[in-house]
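Asks: Just a sequence and a predicted model for now, questions to come.
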Amino acid sequence: MSSEMYEHMRANPKFQKLVAKRGRFAWSLAFIVLGMFYGFVLLVAFKPALLGRPIYAGSMLTIGVAFELFMFIFFWVLTAVYVRKANGEYDELTADLIKDAWKENK
Amino acid sequence: MRLLNRIGLALGLLAASAMVHAGPALDGIQEKQATNWHAIIMFCLFVALTMGITYWAASRTKSTADFYTAGGGITGFQNGLAIAGDYMSAATLLGLSAMVYGQGYDGYIYMLAFFAGWPIILFLMAERLRNLGRFTFSDITAYRLDQGKVRTMAAISSLTVVCFYLLAQMVGAGQLIKLLFGLEYKIAIFVVGLLMMVYVIFGGMVATTWVQIIKACMLLVGGTLVMVLAMSKFGFSYHNLVQQATAVHKLGPKLMYPGSLLADPVTAISLGLGLMFGTAGLPHILMRFFTVTNAKEARKSVLYASGFVSYFFNVIFLMGLCGILIVGQNASFFEGGTIGGKLIGGGNMVAMHLAKAVGGNMLLGFLAAVAFATILAVVSGLALAGASAISHDLYARVIKKGQASEATEIKVSKIATICLGFVAIVLGILFEKQNIAFMVGLAFGVAAAANFPVLILSMYWKGLTTRGALWGGYGGLVSAVLFVLFSKSVWVDVIGNKAALFPYTQPALFAMPIAFLLAFIFSKLDGSDRAKAEIEAFEDQYVRAQTGFGAATATKH
């Protein structure tokens, strides 16, 4: 039974659409996070002096701290964006898909 | 059985409270520590409250689903708080504030590395985890592979991670209670081990989750309060704070530079990898994804959890910086009263001293009770994850091949909890002198190399076969453990050899590629019929992972 349902879903173009859309979105966000984070790690490893520099002369806020604080906030905003989209648009598409499969299964 | 549970619970309660009350009586051993009644009263209140919850949870914990995943009925917000609770362990509060106090900016880098795994977990794993898993993450790795072999492998690596992480928690607990109650380190370890066993054995996941939620709220409130009070001494100006801190700290302006801890690039990258992907391989965190109703709630949990975690890390960073001035310049916090000497209670006590300095005994008491509660909650989550690896994976699925009755499965997990409790106690005593944040780093390294590669490949790569999973899993586990064993922190500091065989302290950069490579090569080389069937089975698994159709649903009470 389950297996047939899976068969129906796989054959439905909506499934391909869901997987492609959500996959592309999730991976782009993941690459942004990974790129920024490992870029930062490389800076830590190879250019530590740069991160210790103040953001402007006389400031006690260093580039490293400012950039990190930005990442803390920005990464969280990205999670919020993803949850919003996945729990709305993508889940509607999924519900639709399952409904179609039930109909075909009758 | 139920009556037995009740009686056992009552006995556990008695024993626990007796041990807590024994604290002040033994206070004469460490003369410097006056008994802090605020701390003791607040801690007893916490224990009483959580024991009440455990008693209530015991009546709701009947099936294996109740025991492992609270029946799958936790909401996204509750689970988010509980995940944050699991993640913000004693090591984060005590270890990271101490790290900022000692090394400045390096501590903040550590925190970002701890945090950055969360978005990745959400984007690439959360919904698939919820859609495919039921009780443990091995449900996913073994979904289309050989149940017996793959589960055995996953259970062994889970247990290794759990033991490492437990160790870090126990050491923190011992130091903390020694400072607060003037109890012997060993006795403190026994109290924690015992209370943990009571929570898990009688309350299962329901009690563990609520203990986490309560403690996460207390931690957020307590940490914020200390931070705000401490920052008020600097006119809430980050500029003033850093200016003064760099002026007095032994590192000087270098305080805000990376480097003293992450001395070489290899260590920095390896640590980054280990913390990021380690998060995605921690059995007690992964298990939390099975406690929510569906993928929607699983995603929300990550959103809430990462919000709390990222907020709290920034609070800890400020706490550590304030500590440099408020604690580091106050002779009364140093042994013998010499500034720059050894901190009373050990290097990890910065956050506690800071609480006392800004809010007196009342706040110290509160924060100490919170930290103790934190340790209890996290060790309970860990013990539950470890016990479920033993009872659900090893006993029910491997030994009994799915034929075990629910009652015996639960009984086995309770026995497993007791065993884990004693292992934690013994290891806690053995590793007394190590820095605890550093040990959590090691646990993450093993999780990243042993659990994560096989888990992610099983969800994403069609070509993974049983043979590949086994080689990848065991290869990652063995290499990570050996790298840790041969590194300075164990080979030199614990075993007492002269020089380390492995020059780096962080295993992930080396062990993770080994795991991925082995999984890939041996899957490709596997031309057996079983391998073909496994690859074919990926199609259905893939649809379920994407749509959640056929996923385990919440059980009703």
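Replies: Received the coordinates, thanks.
Asks: and the closest residue to B:A116 other than its chain neighbours, how many residues sit next to it?
Replies: Excluding the flanking residues, the one nearest B:A116 by C-beta to C-beta, 6 or more residues apart in numbering or on different chains is A:F37, at 4.6 Å. (C-beta placed from N, C-alpha, C; glycine too.) When neighbours are counted by other C-beta atoms under 10 Å in any protein chain shown, A:F37 registers 21.
Asks: Could I get the pLDDT score of A:F37?
Replies: A:F37 is assigned 92 on the pLDDT scale.
Asks: Helix or strand for it, just tell me which one.
Replies: In the assignment (DSSP states H and E), A:F37 maps to helix A:13-46.
Asks: Scan chain B for its longest helix.
Replies: Identified as the longest helix of chain B according to DSSP state H is helix B:350-388.
Asks: residues of that one that come out buried?
Replies: B:350-359, B:363-388 (16 or more other C-beta atoms under 10 Å in any protein chain shown).
Asks: Which neighbouring elements make contact with the lowest-mean-pLDDT helix or strand in chain A?
Replies: Each helix and strand of chain A was given a mean pLDDT (mean pLDDT, DSSP states H and E); the minimum falls on helix A:2-11 at a mean of 84. Applying 3 or more C-beta pairs under 8 Å, 6 or more residues apart in numbering or on different chains; DSSP states H and E, we find helix A:2-11 packed against helix A:91-105, helix B:529-547.
Asks: buried stuff in the last one?
Replies: What that stands for is helix B:529-547. By 16+ other C-beta under 10 Å, the buried positions in helix B:529-547 come out as B:A531, B:E534, B:I535, B:F538, B:D540, B:Q541, B:Y542, B:V543, B:R544, B:A545, B:Q546, B:T547.
Asks: contacts for that helix?
Replies: Residues outside helix B:529-547 that contact it (C-beta atoms under 8 Å, 6 or more residues apart in numbering or on different chains) are A:2-3, A:6, A:9-10, A:15, A:18-19, A:22, A:94, A:97-98, B:127-128, B:131-132, B:143-146, B:459, B:462-467, B:523, B:549-551.
Asks: before we move on, what about stretch A:89-100?
Replies: By C-beta under 8 Å, 6+ apart, stretch A:89-100 touches A:5, A:8-9, A:12, A:14-15, A:17-18, A:21-22, B:295-296, B:546-549.
Asks: run the last query once more with 6 Å
Replies: A:M9, A:N12, A:K14, A:F15, A:L18, A:R22, B:T547, B:F549 (C-beta atoms under 6 Å, 6 or more residues apart in numbering or on different chains).
Asks: can you check stretch B:237-253 too?
Replies: Contacts for stretch B:237-253 (C-beta under 6 Å, 6+ apart): A:M60, B:F234, B:L255, B:L321, B:I324, B:L325.
Asks: near chain A, which residues of the stretch 401-550 of chain B?
Replies: B:D540, B:V543, B:Q546, B:T547, B:F549, B:G550 (C-beta under 6 Å from any C-beta of the partner chain).
Asks: among those residues, which one has the lowest pLDDT?
Replies: B:G550 (82).
Asks: So that residue sits against A:S2, correct?
Replies: Yes. Contact criterion C-beta atoms under 6 Å: B:G550 and A:S2 qualify, at 5.1 Å.
Asks: coming back round to it: which strands or helices does the helix or strand following the longest helix of chain B pack on?
Replies: Next along the chain after helix B:350-388, taking DSSP H and E as the criterion, comes helix B:406-430. Helices and strands touching helix B:406-430, as assessed by 3 or more C-beta pairs under 6 Å, 6 or more residues apart in numbering or on different chains; DSSP states H and E, comprise helix B:64-69, helix B:147-181, helix B:185-198, helix B:350-388.
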